[in-house]
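>>> below: sequence and its predicted model.
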Number of protein chains: 2
Amino acid sequence: MRFQLTHSDPKSKARAGEITTGHGVIKTPIFMPVGTAASVKAVHQRELADDIKAQIILGNTYHLYLRPGLEIMEKAGGLHQFMNWHRPILTDSGGYQVYSLSDNRKIKEEGVKFHSHIDGSRHLFTPETVMDIQRTIGADIIMAFDECTPYPCDHRYAWKSMEMTHRWLRRCIDHFNSTGPKYKHEQTLFPIVQGSVYPDLRKISADFITAQNCEGNAIGGLSVGEPAEMMYEMTELVCNILPYDKPRYLMGVGTPANILECIALGIDMFDCVMPTRNARNGMLFTKNGIINIRNEKWKDDFSALDEEGTSFVDTYYSKAYLRHLVISKEILASQIATIHNLSFYLWLVTEARNNIMDGTFTDWKNEMTAKVAQRL
Amino acid sequence: MRFQLTHSDPKSKARAGEITTGHGVIKTPIFMPVGTAASVKAVHQRELADDIKAQIILGNTYHLYLRPGLEIMEKAGGLHQFMNWHRPILTDSGGYQVYSLSDNRKIKEEGVKFHSHIDGSRHLFTPETVMDIQRTIGADIIMAFDECTPYPCDHRYAWKSMEMTHRWLRRCIDHFNSTGPKYKHEQTLFPIVQGSVYPDLRKISADFITAQNCEGNAIGGLSVGEPAEMMYEMTELVCNILPYDKPRYLMGVGTPANILECIALGIDMFDCVMPTRNARNGMLFTKNGIINIRNEKWKDDFSALDEEGTSFVDTYYSKAYLRHLVISKEILASQIATIHNLSFYLWLVTEARNNIMDGTFTDWKNEMTAKVAQRL
């Protein structure tokens, strides 16, 4: 993997760059649609590429490990082949889902024992097995196994957890280095900064992560319920420590405004279920604000879904039509709203990038963060 | 509406023709995908046109009347505008759904009182209101209000019901003739032959329907649980009475083999929820037989979904991938399987038409009906 920074904003820490992977180039800052179980819900892969213009998607290791499972994944020749998506993929470590979805999880130094949320079967994730699983899935960028602390979390627990995450990271790196990719493309390991909302811990963790000298770095444990200001404070603190010339990935963030603010702090990569999950509940993100399409006010509004939108659904379908589909629980509602929201998210980061390249990012960002958070 | 017969099969009653409507030409024999609530479930309208190559779709009057309702439909400028589908549409009369879905329905000479299956609200469908509703929806072809008798049904009930359907038809025709289209295209009314599985009643009904001299005619009350042989027998009997130079629509039929057999009997138009509904349960129709993709045998079959299929999903996705999506309840599973099944149904009727034009229909049909019914 190569990362080349090409532009930086004069009034903020925002930067534009290019990540080159075995499956092509990712222009940063970038948003990664979440494709949990080998599918970005409700969209075809060709829509993801041609309409949404996704440059990289995220797969969830926990879900893929449980279903379809590693045997199928390996026989398929990895996730790219399995789902017929030939642009870059990033997989998380499975840690977050083990804590949030599985039953009876037990965290020990060795790793995490848990029961599948699907069939109750028993499993063990360790730093080593999680590297092996991600080798088998074959994503271009893979994540270290960490503990994602909840919010709130007391300082003592956050410290102990962070230290274990650091020990696990060493084991991840060792195991990653002692194994090779299973398919014909390179894989890159990103470590994860933890430390909850404590500046002292975040500093220790960012220093430790920086010292590992990996090709890219991530910030985890945020966007778990803490106030946005706290998230920005931690992000800023960590970005000021992490190496300038490596991509920075803020995990699980966020709203359009969150993304713009964190680009301004020096983040290059984002993922979040919000555009896809909220789409399935009838919430649309637009450059002029947020639409709850279930609202009665849209029932006879036959104007285009989003006159200024960039994807085909925005002018093909009307607000009244989408509202009808949502109210009627038609599958097409999820399809339309997902294409709209993801296209908007990709437009947003592309436009952020264009403004960084033009030197106009900060003014544009300040105007845009106010607009995108309005309720329409 | 114009109907031109262009070819007929030398060894059967199969025929090829063209129906010209205000929204373009339909080449017959044709299959109409069912778009119950202003959406063919799980497919975009552009997929319906470009990938599935649907020439006409069906809307359900009962559903559209309840949701989004007539006020929205009229403000939208009719169903074509509302859903942005500009090829022909046919609407049923709502009768079938009133009997099968609503609560507390009461059938009287005036019409049918029923409670909505959505919110329990009370409604009355009469031949006159159903004509008005279909004027407001604005389909190119609209159906007379009938009673669709269940199977089994005793001869006395079937007779009385058929006679009421005939009286209702006269009221439909009178009301249709005394009103005009609400939008800028013509509408055509098809009457429906009833009579359950009784040859004497079917003959009376076919004679009565023929005497109305409508632009096209339909056969209802079949495919409701009776043996296929009985359906073929009734279809043959009725086709031999209905005018040769008018399109014949067999409502609610059926499996690929049913469709081919009924094309051989002289049917021009079909609709059925089978390709769409069964798609959502993981059943795929192919020219070589039926696949239940949930079956364990497909879990590591990475071959194309349907090597001989005509739509993009057939070679884009593998059997193992679709199985995974179905098992994981991913929305994309319904999207893929629906495009596949509808594309197959449209391929089937197009190929039937080509064979009729080439004079090879009967041999082709005999070979194909055996193949398509196999379990793979």
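It's in. Residues are numbered from 1 along each chain as shown, chains lettered A, B, ... in the order given.
>>> which residue does the stretch 101-250 of chain A have closest to chain B?
Here the residue of the stretch 101-250 of chain A nearest chain B is residue A:118; by CB to the nearest CB that distance is 9.0 Å. C-beta coordinates here come from the backbone N, C-alpha and C atoms, glycine included.
>>> so how many other residues sit close to that residue?
Residues contacting residue A:118 under the criterion other CB atoms under 10 Å in any protein chain shown number 13.
>>> right, and the secondary structure at it would be what?
For residue A:118, the secondary structure call by DSSP: H, G, I helix; E, B strand; the rest coil comes out as coil.
>>> same question for residue A:279.
Going by three-state DSSP, the secondary structure assigned to residue A:279 is helix.
>>> nearest residue to it other than its sequence neighbours?
Nearest non-adjacent residue to residue A:279, counting by CB to CB, 6 or more residues apart in numbering or on different chains: residue A:337, 3.6 Å away.
>>> now the one you found: which helix or strand?
Element membership for residue A:337 (DSSP states H and E) is helix A:331-358.
>>> tell me what angle that helix forms with helix B:331-358.
For helix A:331-358 against helix B:331-358, the angle by axes from the mean of the first three to the mean of the last three CA atoms, to 10 degrees is 110 degrees.
>>> now do the buried residues in helix A:331-358.
A:331-353, A:355-356 (16 or more other CB atoms under 10 Å in any protein chain shown).
>>> tell me the spacing between the residue nearest to residue A:279 and chain B.
According to CB to the nearest CB, to the nearest Å, residue A:337 and chain B sit 12 Å apart.
>>> just residue A:69 next, same as before
Counting by CB to the nearest CB, the gap from residue A:69 to chain B is 9 Å.
>>> for burial, what's the neighbour tally of that residue?
Residue A:69 sits with 13 neighbouring residues when counted by other CB under 10 Å.
>>> ok, what's across the strand from residue A:249?
Taking DSSP bridges as the rule, residue A:249 bridges to residue A:218, residue A:269.
>>> and residue A:121, how many neighbours?
The number of residues near residue A:121, taken as other CB under 10 Å, comes to 9.
>>> so what's it closest to, chain neighbours aside?
Nearest residue to residue A:121 in three dimensions, chain neighbours excluded: residue A:115, at 6.8 Å (CB to CB, 6+ apart).
>>> which residues touch that neighbour?
Applying CB atoms under 8 Å, 6 or more residues apart in numbering or on different chains, one finds that residue A:115 lies in contact with A:102, A:103, A:104, A:105, A:121, A:122, A:123.
>>> tabulate those residues (a markdown table), appending secondary structure and pLDDT.
Formatted as a markdown table, those follow (DSSP: H, G, I helix; E, B strand; the rest coil; pLDDT from 0 to 100):
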| residue | secondary structure | pLDDT |
| --- | --- | --- |
| A:102 | coil | 77 |
| A:103 | strand | 78 |
| A:104 | strand | 84 |
| A:105 | strand | 91 |
| A:121 | coil | 94 |
| A:122 | strand | 95 |
| A:123 | strand | 95 |
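>>> which of the residues you listed count as buried?
A:102, A:123.
>>> now the two most distant members of the contacts of residue A:115.
Taking CB to CB as the measure, those span a maximum distance of 13.4 Å, between A:105 and A:121.
>>> check the gap between residue A:246 and residue A:26 for me.
Distance, residue A:246 to residue A:26, by CB to CB, to the nearest Å: 14 Å.
>>> okay, the two: which has more neighbours?
Just comparing residue A:246 and residue A:26: by other CB under 10 Å the higher neighbour count belongs to residue A:26, 26 against 19.
>>> apart from its neighbours in sequence, what residue is nearest that one?
Leaving aside its chain neighbours, residue A:26 sits nearest to residue A:19 (4.3 Å; criterion: CB to CB, 6+ apart).
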